[in-house]
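**Student:** Pasting a predicted model and its sequence here:
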2 protein chains.
Amino acid sequence: MWRRRPQNQSQQLLFRLMGAVVTREGYFETGLAVLADQGYGGLKLAEVCHRLGVTTGSFYHYFANWSAYTRELVEYWRQQATVRIVEAVRAEKDPHRRIETLIEEALALPHGAEAAIRVWSSIDPDVHAVQAAVDRQRYDIMRESSLEVVGDERQAEVFAACCVYILVGYEQATIPPDNVALRWLAAEMLHTLDSGRLNSLPDAR
Amino acid sequence: MWRRRPQNQSQQLLFRLMGAVVTREGYFETGLAVLADQGYGGLKLAEVCHRLGVTTGSFYHYFANWSAYTRELVEYWRQQATVRIVEAVRAEKDPHRRIETLIEEALALPHGAEAAIRVWSSIDPDVHAVQAAVDRQRYDIMRESSLEVVGDERQAEVFAACCVYILVGYEQATIPPDNVALRWLAAEMLHTLDSGRLNSLPDAR
């Protein structure tokens, strides 16, 4: 389950008082927090170290260089926000409950950081590869799970694609994020799945 | 109504045979075609002129410099893909038919070019301002129109936000575009509007 560690001022202060006992995970969580607050353009070594109250020397104790850090950061995000969720959900036998859990997890994702990573992916081919893998993994788990519910390949594809569109659009649109709207639309998607409305698809049997 | 001029090889050949009788609109439509095919990184003076079969001298007859062109290109897109549609739709008295027309227009937008413009907007503050205006205008016309149907401000906001999310997500996700899925989801949104399902919103009356 993905639960982002809160990054607030008191925590930053705590890090400093603790004398820079910062884990690798701390560097990654701070990187995601910087992405969420300042976008890709704000992700700089000085900002990450400043937030953690550590010197650049401490940073280089963990990471060979900046690009090693950013590569690991994006991979950390993929693990936390997709791979771990997909693996946890696969243990659930009931496909409907699996879909409910996936939707709950999607609602709890670090949307601001994800928006920044998608922008980043348009500039950096390595990040783009990770972004494409994430979109695909999210699509696949939703397609597999909904197939077990509706029993039709094409209906499952459409349902999964729509779920991905809604999440991506919520993160990338410039209108203020309306979390209630996202939650309502997620519930509508579940209702649609249950009510057999996917049968109206032109290509479906 | 927005109908993008098709940009195929025979048309490119025709432009050349016509001896470079290229309008300003031709430069803009070609720019949008380049954005759709090659993304923001592919939008270069040489590529636009090559596709039109004109010299850079012809280009500078119309535009003072490259940045004047790109500024006008983005404004051209806003006019064609948003302002004209909103104005045409406002003439329609029946709000439900207005929403149906907006959805049809949304399905016919130049999605590839729009995806590239959103990437561009993350790098260029001027383009970001236009992108934000476009998102806002699309949200506003949908909110106004759906308010006349459902009679509840909050329900109209949620409906409009969801419509924007779906369009943006379709354009920005890295999974292959599934136009049937988009069309099905658009029909679902209309069904939702008609069936009173927005009444289930926690904040709505």
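**Tutor:** Structure's in. What do you need? Numbers count the residues shown, from 1 in each chain, chains lettered A, B, ... in the order given.
**Student:** Residue A:154 is in contact with residue A:199, correct?
**Tutor:** No. Assessed by CB atoms under 8 Å, residue A:199 is found out of contact with residue A:154, at 10.8 Å. (C-beta placed from N, C-alpha, C; glycine too.)
**Student:** So if I had to pick from the two, which one is more boxed in?
**Tutor:** residue A:154 (18 against 11; other CB atoms under 10 Å in any protein chain shown).
**Student:** hang on, isn't that one packed against residue A:202?
**Tutor:** No. Contact criterion CB under 8 Å: residue A:154 and residue A:202 do not qualify, at 9.5 Å.
**Student:** got any residues that touch both of the two?
**Tutor:** Taking CB atoms under 8 Å, 6 or more residues apart in numbering or on different chains as the contact rule, residue A:154 and residue A:202 touch no residue in common.
**Student:** in the host helix or strand of residue A:190, what's buried?
**Tutor:** Counting by DSSP states H and E, the element that carries residue A:190 is helix A:179-194. With burial defined by 16 or more other CB atoms under 10 Å in any protein chain shown, the residues of helix A:179-194 counted as buried are A:180-186, A:188-189, A:192-193.
**Student:** now swap in stretch A:98-108 and tell me
**Tutor:** By neighbour count on 16+ other CB under 10 Å, the buried set for stretch A:98-108 is A:98-103, A:105-106.
**Student:** Beyond the lengthiest helix in chain A, next helix or strand please.
**Tutor:** Of all segments of type helix in chain A, defined using DSSP state H, the longest is helix A:125-150. Counting by DSSP H and E, the next helix or strand C-terminal to helix A:125-150 is helix A:153-172.
**Student:** Please see if stretch A:182-202 touches chain B.
**Tutor:** Yes. For a cut-off given as CB under 8 Å from any CB of the partner chain, stretch A:182-202 has contacts with chain B, namely A:182, A:184-185, A:187-188, A:191-192, A:197-198, A:200-202.
**Student:** counting contacts, what elements does the longest helix of chain A pack onto?
**Tutor:** helix A:66-78, helix A:84-90, helix A:95-107, helix A:111-121, helix A:153-172, helix A:179-194 (3 or more CB pairs under 8 Å, 6 or more residues apart in numbering or on different chains; DSSP states H and E).
**Student:** Is it possible to get JSON lines of these that adds distance to residue B:79 and mean pLDDT?
**Tutor:** Output for these, formatted as JSON lines (distance: least, CB to CB, whole Å; pLDDT from 0 to 100):
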{"stretch": "helix A:66-78", "distance to residue B:79": "37", "mean pLDDT": "98"}
{"stretch": "helix A:84-90", "distance to residue B:79": "42", "mean pLDDT": "95"}
{"stretch": "helix A:95-107", "distance to residue B:79": "35", "mean pLDDT": "97"}
{"stretch": "helix A:111-121", "distance to residue B:79": "25", "mean pLDDT": "97"}
{"stretch": "helix A:153-172", "distance to residue B:79": "23", "mean pLDDT": "98"}
{"stretch": "helix A:179-194", "distance to residue B:79": "28", "mean pLDDT": "95"}
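**Student:** now those as JSON lines including distance to residue A:47?
**Tutor:** Formatted as JSON lines, those follow (distance: least, CB to CB, whole Å):
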{"stretch": "helix A:66-78", "distance to residue A:47": "12"}
{"stretch": "helix A:84-90", "distance to residue A:47": "26"}
{"stretch": "helix A:95-107", "distance to residue A:47": "28"}
{"stretch": "helix A:111-121", "distance to residue A:47": "13"}
{"stretch": "helix A:153-172", "distance to residue A:47": "22"}
{"stretch": "helix A:179-194", "distance to residue A:47": "27"}
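**Student:** Tell me which of these lies nearest to residue B:134.
**Tutor:** With CB to CB, the closest approach to residue B:134 among the helices and strands packed on helix A:125-150 belongs to helix A:153-172: 12.9 Å.
**Student:** count of residues packed around the residue nearest to residue A:121 when sequence neighbours are not counted?
**Tutor:** For residue A:121, ignoring the flanking residues on the chain, the nearest one in space by CB to CB, 6 or more residues apart in numbering or on different chains is residue A:131 at 3.8 Å. The tally of other residues near residue A:131 (other CB under 10 Å) stands at 23.
**Student:** Test for you: state the pLDDT assigned to residue A:131.
**Tutor:** Looking at residue A:131, its pLDDT is 98.
**Student:** what does residue A:196 give?
**Tutor:** pLDDT at residue A:196 comes out at 89.
**Student:** ok, now residue A:123?
**Tutor:** 89.
**Student:** Over to residue A:28?
**Tutor:** Value for residue A:28, per-residue pLDDT: 98.
**Student:** show me what contacts it?
**Tutor:** Contact analysis of residue A:28 by CB under 8 Å, 6+ apart lists A:72-73, A:76-77.
**Student:** Next, the contact list for the residue nearest to the spatial centre of chain A, please.
**Tutor:** Residue closest to the mean C-alpha point of chain A, counted by CA atoms, centre = their mean, is residue A:81 at 4.1 Å. With contact set as CB under 8 Å, 6+ apart, residue A:81 has these partners: A:2, A:109-110, A:114, A:134.
**Student:** Then residue A:173?
**Tutor:** B:135, B:164-165, B:168.
**Student:** Tell me how many other residues crowd the closest residue to residue A:147 other than its chain neighbours.
**Tutor:** Excluding the flanking residues, the one nearest residue A:147 by CB to CB, 6+ apart is residue A:156, at 3.8 Å. Neighbours of residue A:156 under the rule other CB under 10 Å: 22.
**Student:** May I ask you to confirm that residue A:156 is in contact with residue A:139?
**Tutor:** No. Taking CB under 8 Å as the definition, residue A:156 is not a contact partner of residue A:139, at 10.3 Å.
**Student:** Distance check, residue A:24 against residue B:32.
**Tutor:** Distance of residue A:24 to residue B:32, given as CB to CB, to the nearest Å: 44 Å.
**Student:** Just want to know which of those two has more residues nearby.
**Tutor:** Neighbours were counted for residue A:24 and for residue B:32 using other CB under 10 Å; residue B:32 has more, 25 against 12.
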